[in-house]
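> Here is a sequence with its predicted model. Questions after.
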Amino acid sequence: MGKILGEYYRYFAANGRLLTVPLCVAFLTVLGLLTLSSASLSFVGPNYLLRQCVWLALAFPCCCAALLLPLDLLRRHSGAIAIFALLLLVAVLVPPVGHAVKGSHRWIDLGFFHLQVSELAKLALALRLAERLAERVGQPWDIREGFLRPAVLLGAFALLLLLEPDYGSTFLFLAVGFTLFFLGGTPLRLLLSCCAGATLLLALFVARNPVRLGRILAFLDVESTKLTGSYQLWQGLVGFQSGGLHGLGLGNGRQQLSYLPEAHTDFIFPIMAEEMGYPFALLALFAYVALFTILWLEIYRIHDTFLFLFANGILLFLAAQTAINLAVVMGLFPTKGMALPLISYGGSNLLLAFTSLGLLLNCFRTAQAQKPRLADLLAPRG
């Protein structure tokens, strides 16, 4: 452990810009806690602030464990991890095991905690796809090994998410998976054909689901459906308008007083804008952009193919989920049940975000440790 900590010290000392990462994470996490403190005081219900603090106390050790975990061990067992994640996705569909909320079976009831399995599945899919695509590097491209087998794995994850049903996560998994295929060298023509087929299949599923189809139709005419299908989106937009430049002050927001459903989870960003004003909302957006930009710049310094693909998969899940949530609450996408990383209330969401960041830094440190030092190169042989 001392050797690993020494590597991290040397790595951060040589890459000062990475110090921005913990600053952005701390800023976003504090913003989330401040907004949740208001939500806990505004109406009778669970103390979201206290619960989130408990999850934060658990998330930090998860981040530290991810920092120290040998990535070659994860790579060797990527197949078993993927199978375990698929079994959990099957388990949520079994009524005694799966916990249903509003018709969706996305959680496993552990008594003290409802585990959202799709959060764990993100890391499992990114790990397995990175391993499968990386092992083909340097070999003649083969459609069966280089595409069909990884595509079957991606399809299995997507199908089980559709059955929950969780259309937002299905779209997210397919988008990240196809991006990893592209980065792994899959021919663009084949990839575009598969994307078109997946989009058509997803559209057919939506068309056959009255609830999801109703959301899309309501999204196309928000003002006319503001009391029915677009009620949540409309109330979120009202929250943005009410906040203005200075905000109403913590605890003085009106939208979370049972006007805006899921104010502490999916639609927490409008509550933040309403109570803290546009400057804090813009600072949060800037922190996300700075965080993801710095991490992406660091990823493209990685020369190891597996680490490069795994890090890209992790960051794509985080960044795409953030972009989708913000697009939804701003009225750019139809409503989807997707939390805002680091800010929204939720144990699974917070644990995954911190674990993902720990794994990303682990990828950077491992890639740096693999580079031969100048002193090693100049050392006499034999």
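Now that the structure is in, tell me what you want to look at. Numbering: from 1, shown residues only.

> Strands of the chain, residue ranges please.
Assigned by DSSP state E, the chain shows strands spanning 98-101, 104-109, 114-116.

> nearest to L248, of these?
strand 98-101 (29.8 Å; CB to CB). To be clear about C-beta, it is placed using only N, CA and C from the backbone, and glycine gets the same treatment.

> got the end-to-end distance for stretch 332-351?
Counting by CA to CA, to the nearest Å, you get 28 Å between the two ends of stretch 332-351.

> For that stretch, buried residues please.
Going by neighbour count (16 or more other CB atoms under 10 Å), the buried part of stretch 332-351 is 333-351.

> Narrow those to those in helices?
G347, S348, N349, L350, L351 (DSSP state H).

> still on that earlier bit, if you average pLDDT over each of the strands of the chain, which is lowest?
Taking the mean pLDDT of each of those, the lowest value is held by strand 98-101, a mean of 71.

> Return the set of buried residues in that strand.
G98, H99.

> who does that strand touch, helix- and strand-wise?
For strand 98-101, the elements it packs on are strand 104-109, judged by 3 or more CB pairs under 8 Å, 6 or more residues apart in numbering; DSSP states H and E.

> which ones are touching the residue nearest the centre of the chain?
Closest residue to the average C-alpha location of the chain: L318 at 3.4 Å, with CA atoms, centre = their mean. Contacts here follow CB atoms under 8 Å, 6 or more residues apart in numbering; on that basis L318 touches F292, P341, A353, S356, L357.

> For A353, see how far away the second one is.
In this case it means P341. Taken as CB to CB, to the nearest Å, the spacing of P341 relative to A353 amounts to 5 Å.

> Can you tell me how far F286 is from P279?
Following CB to CB, the distance that separates F286 from P279 is 10 Å.

> Over to Q321?
From Q321 across to P279, the span is 24 Å (CB to CB).

> Low-confidence regions, the stretch 1-150 of the chain specifically.
By pLDDT under 70, the low-scoring segments of the stretch 1-150 of the chain are 1-14, 16, 39-46, 101-103, 112, 138.

> one step back: now that we have the strands of the chain, can you turn them into JSON lines and tack on distance to A327?
Supplementary listing: the strands of the chain in JSON lines, determined by distance: least, CB to CB, whole Å:
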{"stretch": "strand 98-101", "distance to A327": "23"}
{"stretch": "strand 104-109", "distance to A327": "20"}
{"stretch": "strand 114-116", "distance to A327": "21"}
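
> which one of these lies closest to L74?
For those, distance to L74 was read as CB to CB. The smallest value, 19.8 Å, belongs to strand 114-116.

> which of the residues in the closest one are buried?
So strand 114-116, judged by 16+ other CB under 10 Å, has buried residues L115, Q116.

> Pull the distance from that strand to the chain's centre.
Average the C-alpha atoms of strand 114-116, do the same for its chain, and the two points are 15 Å apart (CA atoms, centre = their mean, to the nearest Å).

> Nearest to V152 among the ones in helices among the buried residues of stretch 332-351?
Of all these, S348 has the smallest distance to V152: 26.3 Å, by CB to CB.

> residue contacts, the closest one?
S348 makes contacts with H114, L115, Q116, E119, L120, as judged by CB under 8 Å, 6+ apart.

> before we move on, what about F157?
For F157, the contacting residues are A85, L86, L89, A121, L125, F173, G177, by CB under 8 Å, 6+ apart.

> quick one on the thing from earlier: JSON lines for the ones in helices among the buried residues of stretch 332-351, including distance to V21 and pLDDT?
Listed next are those as JSON lines, based on distance: CB to CB, whole Å; pLDDT from 0 to 100:
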{"residue": "G347", "distance to V21": "22", "pLDDT": "84"}
{"residue": "S348", "distance to V21": "22", "pLDDT": "87"}
{"residue": "N349", "distance to V21": "19", "pLDDT": "90"}
{"residue": "L350", "distance to V21": "17", "pLDDT": "92"}
{"residue": "L351", "distance to V21": "18", "pLDDT": "93"}
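
> Closest one of those residues to A156?
S348 (20.8 Å).

> Any figure for the gap between the closest one and T265?
As defined by CB to CB, S348 lies at a distance of 11 Å from T265.

> okay, and for the stretch 251-382 of the chain, where does confidence drop off?
Counting by pLDDT under 70, the ranges of the stretch 251-382 of the chain that qualify are 254-263, 371-382.

> Kindly provide the distance from the nearest residue to W234 once chain neighbours are set aside to F267.
Sequence neighbours aside, K226 is the residue nearest to W234 in space, at 3.8 Å (criterion: CB to CB, 6 or more residues apart in numbering). Separation of K226 from F267 (CB to CB): 15 Å.

> Just give me how far stretch 322-333 sits from the chain centre.
For stretch 322-333 - counting by CA atoms, centre = their mean - the centre lies 14 Å from the chain centre.

> And stretch 215-226, what's buried?
So, applying 16+ other CB under 10 Å, buried residues of stretch 215-226: R215, A218, F219, T225, K226.
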